[in-house]
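Student: Next one to model:
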Amino acid sequence: MAAPTKKEWSSRGPRKPKGAETVKVVIRIAIVVSIAFASSRASAAIPMNDVSNASITCNTLFGTVSLKPGYLFGGSQPSTVKIKGTLDGCTVTGGSPSTPQFVTGTFKGTLAGAANDCFAFLSTNPLPGTITIRWKAHPSTPLMQKSSTLTISTLTGTLFAPGGLFGAAQYFQLSLGTTSVSGAFTGGDGGAASTNVAVTSEDFGPTSNSCETDGLKTLHLGLGRITLQ
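Tutor: Numbers count the residues shown, from 1 in each chain. Model prediction:
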């Protein structure tokens, strides 16, 4: 058999030893396995924090309240009140083995009104239902319990007049009576001492106009505070 010409040898290039290719494959596999192992070890090293008996206070609250049918002064129809929003500026007390940091939440719930009466926002009235809050924390302090369920019994409303640069403006100040909390942040006693308060973005003037005409259908919450304990 004739030896390959110089041209044929140049086109083929020098052959690499099979052993070198095997070594490269083994090294690649080892790198992939070591990365996966390190990742799993890092993940396993971060413990979940038990917050079932912890407490939490959030000083930033934004939300929307949907009313159906629309509320009127003297309305007498049963109503459905849907509420949803977000929570931020939260501080946790307790938690095991550590206290979760940078906790935020989203909430959503449905409540049942006895009557679609706008005067309900200026007194205390039954408003039974539940609200669920879903929580997130910084990845370095993950939560074992990721949601709280609030059992609601009443709505208490009044007018909030900040004064100062707000002049004579008045807003609805609303608080939901909470009979129990389950899941995260029960305070160790089922949330017996839990409180909440929110102030509407709409002032009393436009809302009262809606209450006298085509019905008040939506309220926006722009200021509030909630404590589960």
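
Student: Just the buried positions in stretch 91-105, please.
Tutor: Residues of stretch 91-105 classed as buried: V92, G94, G95, T99, P100, V103, T104, G105 (neighbour count, 16 or more other CB atoms under 10 Å). (C-beta placed from N, C-alpha, C; glycine too.)

Student: Let me see the contact set for P47.
Tutor: P97, S98 (CB atoms under 8 Å, 6 or more residues apart in numbering).

Student: Look up how far G95 lies from it.
Tutor: Separation of P47 from G95 (CB to CB, to the nearest Å) stands at 11 Å.

Student: now P139
Tutor: 15 Å.

Student: just checking, next helix/strand downstream of the lengthiest strand in the chain?
Tutor: Scanning the chain for the longest strand, with DSSP state E as the assignment, gives strand 55-71. Next helix or strand after strand 55-71 toward the C-terminus (DSSP states H and E): strand 79-93.

Student: Quick one: list the elements packing against that following strand.
Tutor: Identification of packing neighbours for strand 79-93 by 3 or more CB pairs under 8 Å, 6 or more residues apart in numbering; DSSP states H and E yields strand 55-71, strand 104-113, strand 124-136.

Student: 10 Å instead, please
Tutor: Packing partners of strand 79-93 (3 or more CB pairs under 10 Å, 6 or more residues apart in numbering; DSSP states H and E): strand 55-71, strand 104-113, strand 124-136, strand 147-160, strand 216-228.

Student: Show me the one of those strands that comes nearest G188.
Tutor: strand 55-71 (8.5 Å; CB to CB).

Student: from the chain's centre, how far out does that closest one sit?
Tutor: Relative to its parent chain, strand 55-71 has a centroid offset of 12 Å by CA atoms, centre = their mean, to the nearest Å.
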